[in-house]
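Engineer: got a predicted model here, sequence first, then my questions.
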Amino acid sequence: MYEERIVLLRADSFDDAVKRAEKEAKEYYRDLDGCRYVGYVNVFHICDEKIGDGTEIFSSMQRSDLISKAYLEQHYPDEPDDCEAVGERHRWHNSDHQHSACYHCKVVQEGRLGR
């Protein structure tokens, strides 16, 4: 299982952005059970002077011979109702002060299971 994240960081240069993104990624995965940083970040310059409604914060174009439905199924599969039902294990995060939710499926349970 791989997680791709988009994180907004202010930086003075691309090198600074890469350093800040790598630091943020390492700090993020450190608190997640069974996760590790795979060593890849991608930075994207935001051209707008102010960030607001409609500001593009990331764009990626991929060439593929797949038709639209097959492309979406391959790169953005539906999340299962329950990870354990498809042979995976839950990766918990604390969704609020009373519940934990799995990052990869629709299961929510009472209690703080994210640590």
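Structural biologist: Great, that's in hand.
Engineer: what about R91, how many residues nearby?
Structural biologist: R91 is flanked by 19 other residues according to other Cβ atoms under 10 Å. In short, each C-beta sits where N, CA and C put it, glycine included.
Engineer: check Y2 too.
Structural biologist: Residue crowding around Y2 was assessed by other Cβ under 10 Å; the count is 5.
Engineer: measure the residue nearest to it when sequence neighbours are not counted to L8 for me?
Structural biologist: Spatial nearest neighbour of Y2, excluding adjacent residues (Cβ to Cβ, 6 or more residues apart in numbering): V38 at 7.4 Å. Counting by Cβ to Cβ, to the nearest Å, the gap from V38 to L8 is 21 Å.
Engineer: likewise for R30?
Structural biologist: 20 Å.
Engineer: now do W92
Structural biologist: 25 Å.
Engineer: who has more neighbours, those two?
Structural biologist: W92 (20 against 10).
Engineer: follow-up on the earlier one: let me know the secondary structure of the residue nearest to Y2.
Structural biologist: At V38 the chain is in coil, as set by DSSP: H, G, I helix; E, B strand; the rest coil.
Engineer: that one: neighbour count?
Structural biologist: Other residues close to V38 by other Cβ under 10 Å number 10.
Engineer: correct me, but it touches E4?
Structural biologist: No: at 10.4 Å, V38 does not count as touching E4 under the criterion of Cβ atoms under 8 Å.
Engineer: let me see the contact set for the residue nearest to R91 when sequence neighbours are not counted.
Structural biologist: In this structure, R91 finds its nearest non-sequential neighbour in Y103, 4.5 Å apart by Cβ to Cβ, 6+ apart. Y103 makes contact with E3, R91, W92, H93 under the criterion Cβ atoms under 8 Å, 6 or more residues apart in numbering.
Engineer: where does pLDDT dip in this structure?
Structural biologist: Across the chain, the ranges flagged by pLDDT under 70 are 1, 114-115.
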